[in-house]
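J.: Mind looking at a prediction? Sequence and model below.
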Amino acid sequence: MKRLRVLLAASEAWPLVKTGGLGDVVGALPVALRGLGVDARLVLPAYPAARQALPDARPLARSALYGADITLLRGELPAGGRRMLPVYLIATAAFDRPGNPYQNADGVDWPDNPARFALFCRAAAALALGHLAPDWRADVVHAHDWQAGLLPALLSLHTQRPRSVFTVHNLAYQGLAPAADAAALGLPAEWWRFDALEFFGQLALIKGGLVFADRITTVSPRYAQEIQTPEFGCGLDGLLRYRAHALVGILNGIDAEQWNPATDPALPYRYDAEHLDLKAADKAALQQELGLAAEPRALLLGLVSRLVAQKGIDLLIDALPHLPADVQLVVLGSGEAAYTEALRAAAAAQPARIAFRAGYDEPLAHRIQAGADALLVPSRFEPCGLTQLYALRYGTVPIVRAVGGLADTVVDASAENLASDCATGIVFETASSAALLAAIERALALFRAGAPWQQLQRAGMAEDHSWEHAAGAYLELYCHLLDQELPGA
């Protein structure tokens with residue numbers, strides 16, 4: 001049996017470029033697939049940061065696509081042992097800009113984002129079809145989120161094409177563009193319909209994947225069900241119910257080597273489930289680093305997140321004046337200015353209890369996971385969530401709302417679940433500051449009790465959320481699409 005060839009297309013991938021969980025997922029999945037014997041390859045735009053992180057990338061081909069000059073670069077990233085992950089970069093002037101993949105240095109979205117990522121999809125389609133790199137052609141193309149949404153649609157125009165999978169990481173981000181842009185992107189006129197790319201008078205690039213992909217996946221089973229409802233469907237629930245036969249939820253994994261408290265180079269003290277006293281030492285070090293009071297008996301809460309409404313940041317801000325006196329809080333994140341200013345003001349008013357760091361700092365994120373006693377994820381909706389998986393790995397008890405992947409991965413510390421030793425965190429139902437406060441108070445009571453808290457910690461640390469499980473599920477999906485047996489079956 002020939003080796004399965006899969007091209008993963010996305011707008012970001014760690015360690016080349018990352019703004020959030022999408023980068024973590026797309027960076028880890030192809031590595032895990034290669035560990036299963038798949039010829040998985042990655043394609044993304046050649047942002048300056050990506051080219052800097054892949055300095056040995058060399059030109060393979062040049063082409064003119066829809067009026068733009070394109071250069072295809074190829075490099076490699078380590079993929080475990082002697083394995084290397086081939087990475088293609090699509091170089092063109094549209095991606096040679098400062099800032100992050102989607103915004104300028106002032107945090108303002110590039111106005112031509114739809115055109116930029118439509119061009120990326122055209123180049124990725126040419127690569128997948130063997131037109132740019134004639135020595136390799138994909139059997140399956142796996143596109144991620146709206147930035148790669150046009151890719152399944154473009155592939156559908158070819159009779160001899162790879163099969164396509166489209167993963168929704170967050171349905172709220174849809175790649176919307178004015179109707180006038182549809183013609184400028186050179187898309188077929190027949191796609192300007194409600195059952196194709198038109199969406200309430202606008203162009204929605206995400207519909208290229210939702211309508212045309214052979215299979216649609218989301219990043220948790222519960223989210224796959226939620227997005228078929230008006231509450232979570234963002235106006236696309238009818239389409240997703242129509243395509244429910246092609247929709248499946250596959251829970252994200254985490255990089256168990258990068259996120260391992262026993263080996264993490266970012267930690268002052270490394271530990272495992274048998275040495276939780278060293279986690280207490282990380283807590284003391286974090287309190288000192290951030291200027292918090294050195295209170296070992298205080299419940300130290302952490303939050304590492306984008307500061308946007310989806311993440312329930314307003315629930316936390318509203319709860320701050322009512323936090324119990326023996327609770328401390330550290331927040332790391334960036335996002336909406338109102339949230340940033342409110343958190344900065346709270347930290348300035350109570351520097352011994354509240355610490356806030358704006359932006360994203362990867363080593364500090366690791367130290368927060370290790371040093372905090374509990375991690376807050378009060379999201380209004382959450383397709384999967386990775387921070388709660390990191391928290392479980394680090395013995396940091398997650399406090400989460402019962403939505404999406406949070407509900408799929410955290411087992412509430414009810415009396416019954418504690419008795420059966422399956423509880424791993426605190427779960428609350430309602431998106432309100434009162435419900436969040438009640439969850440924090442439950443956590444504080446368990447923390448004070450000692451033994452039940454350590455039970456939660458060890459139960460979470462014993463779980464396996466590594467990427468091998470998710471990669472195996474994706475491999476099974478790919479093989480089913482191709483009517484092919486699993487390798488080794």
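T.: Arrived safely. Residues are numbered from 1 along each chain as shown.
J.: following the one helix or strand in the chain whose mean pLDDT sits lowest, which helix or strand comes up?
T.: One helix or strand of the chain scores below all others by mean pLDDT, DSSP states H and E: helix 179-184, with a mean of 81. Counting by DSSP states H and E, the element after helix 179-184 in chain order, helix or strand, is strand 198-199.
J.: partners of that following strand, with directions?
T.: Here strand 198-199 has these sheet partners by DSSP bridges: strand 202-204 (antiparallel).
J.: so for the helix or strand just after the strand it pairs with, what's the average pLDDT?
T.: Proceeding N to C from strand 202-204, the next assigned helix or strand is helix 206-212, under DSSP H and E. The average pLDDT for helix 206-212 rounds to 98.
J.: now helix 206-212, how far from the chain's geometric center?
T.: For helix 206-212, the separation from the chain centroid amounts to 19 Å (computed by Cα atoms, centre = their mean, to the nearest Å).
J.: which residues are in contact with that helix?
T.: Helix 206-212 is touched from outside by 121, 143, 145-146, 148-156, 164, 166, 168, 171, 173-175, 195-197, 199, 216, 236, 239-240, 243, with contacts defined as Cβ atoms under 8 Å, 6 or more residues apart in numbering. (Each C-beta comes from the backbone N, C-alpha and C, glycine too.)
J.: Just the buried ones among these, please.
T.: 121, 143, 145-146, 148-156, 164, 166, 168, 171, 173-175, 196-197, 199, 216, 236, 239-240, 243 (16 or more other Cβ atoms under 10 Å).
J.: Output the below-cut-off pLDDT ranges for this structure.
T.: Applying pLDDT under 70 to the chain flags the ranges 1, 485-489.
J.: Pick out the residue nearest the middle of it.
T.: In the chain, the residue lying closest to the centroid (Cα atoms, centre = their mean) is Gly21, at 2.2 Å.
J.: which non-adjacent residue is nearest it?
T.: Leu386 (4.9 Å; Cβ to Cβ, 6 or more residues apart in numbering).
J.: tell me the contacts of the one you found?
T.: Neighbour list for Leu386: Gly21, Asp24, Val25, Asn252, Ile254 [criterion: Cβ under 8 Å, 6+ apart].
J.: likewise Ala133?
T.: Ala133 is in contact with Leu60, Ala61, Leu72, Arg74, Tyr88, Leu127, counting by Cβ under 8 Å, 6+ apart.
J.: let's see it at 10 Å
T.: Listed by Cβ atoms under 10 Å, 6 or more residues apart in numbering, the contact set of Ala133 reads Arg41, Leu60, Ala61, Leu72, Arg74, Pro86, Tyr88, Ala126, Leu127.
J.: Among the contacts of helix 206-212, name the ones in helices.
T.: If you go by DSSP state H, these have Cys121, Leu150, Leu151, Pro152, Ala153, Leu154, Leu155, Leu239, Leu240 in helices.
J.: Pull out the buried residues from whichever strand in the chain runs longest.
T.: For the chain, the longest strand by residue count, based on DSSP state E, is strand 68-78. Across strand 68-78, burial judged by 16+ other Cβ under 10 Å covers Ile70, Thr71, Leu72, Leu73, Arg74, Gly75, Leu77.
J.: can you name the two of these that are farthest apart?
T.: Ile70 and Leu77 (21.6 Å; Cβ to Cβ).
J.: that older thread, could you dump the ones in helices among the contacts of helix 206-212 to a markdown table with distance to Ala338?
T.: Output for those, formatted as a markdown table (distance: Cβ to Cβ, whole Å):
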| residue | distance to Ala338 |
| --- | --- |
| Cys121 | 34 |
| Leu150 | 33 |
| Leu151 | 36 |
| Pro152 | 37 |
| Ala153 | 37 |
| Leu154 | 39 |
| Leu155 | 41 |
| Leu239 | 33 |
| Leu240 | 32 |
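J.: re the thing from before, same question for the least confident helix or strand of the chain: list its buried residues.
T.: Buried residues in helix 179-184, counted by 16+ other Cβ under 10 Å: Asp181, Ala182.
J.: packing partners for that helix?
T.: In terms of contacts (3 or more Cβ pairs under 10 Å, 6 or more residues apart in numbering; DSSP states H and E), helix 179-184 is packed against helix 113-128, strand 202-204.
J.: Reformat those as a markdown table; add distance to Gln160.
T.: Compiled in a markdown table, the helices and strands packed on helix 179-184 are given as follows (distance: least, Cβ to Cβ, whole Å):
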| stretch | distance to Gln160 |
| --- | --- |
| helix 113-128 | 12 |
| strand 202-204 | 28 |
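J.: Please compute how far the strand or helix carrying Gly405 lies from its chain's middle.
T.: Assigned by DSSP H and E, Gly405 falls within helix 404-409. Centre-to-centre, helix 404-409 and its host chain are 14 Å apart (Cα atoms, centre = their mean).
J.: Just checking, which helix or strand succeeds that helix along the chain?
T.: Taking DSSP H and E, what comes next after helix 404-409 is helix 415-419.
J.: For whichever helix or strand comes after that next one, name the packing helices and strands.
T.: Remark: after helix 415-419, the chain's next helix or strand is strand 426-428, criterion DSSP H and E. For strand 426-428, the contact count by 3+ Cβ pairs under 10 Å, 6+ apart identifies strand 397-401, helix 433-449 as packing neighbours.
J.: buried stuff in strand 426-428?
T.: For strand 426-428, the neighbour count (16+ other Cβ under 10 Å) marks Ile426, Val427, Phe428 as buried.
J.: Now the second one: closest residue in space that isn't a chain neighbour?
T.: Spelled out, it's Val427. That would be Asp412: by Cβ to Cβ, 6+ apart, it lies 3.8 Å from Val427.
J.: partners of the one you found in the sheet?
T.: Gly425.
J.: need the contact list for it.
T.: Taking Cβ under 10 Å, 6+ apart as the contact definition, Asp412 lies against 400, 402, 418, 422-429, 439, 442.
J.: Now do the contacts for Leu481.
T.: Per Cβ under 10 Å, 6+ apart, neighbours of Leu481: Asp139, Val140, Pro162, Arg163, Ser164, Val165, Asp214, Arg215.
J.: and of the contacts of Asp412, the nearest to Val248?
T.: Ala402 (21.2 Å).
J.: How many neighbouring residues does the closest one have?
T.: Look at Ala402: counted by other Cβ atoms under 10 Å, it has 15 neighbours.
J.: Next one: it relative to Leu375, how far apart?
T.: 16 Å (Cβ to Cβ, to the nearest Å).
J.: still on that earlier bit, reformat the contacts of Ala133 as a markdown table; add distance to Trp110.
T.: Shown next, in a markdown table, are those (distance: Cβ to Cβ, whole Å):
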| residue | distance to Trp110 |
| --- | --- |
| Arg41 | 27 |
| Leu60 | 26 |
| Ala61 | 26 |
| Leu72 | 22 |
| Arg74 | 26 |
| Pro86 | 28 |
| Tyr88 | 22 |
| Ala126 | 23 |
| Leu127 | 23 |
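J.: Let me see the domain layout of the protein.
T.: Domain segmentation of the chain under automatic domain parsing yields 5-253+467-481, 276-461.
J.: For Ala262, which of these is the nearest?
T.: Of the domains of the chain, nearest to Ala262 by Cβ to Cβ is domain 276-461, at 9.6 Å.
J.: tell me which element Arg41 is part of?
T.: Here Arg41 is assigned to strand 39-45, by DSSP H and E.
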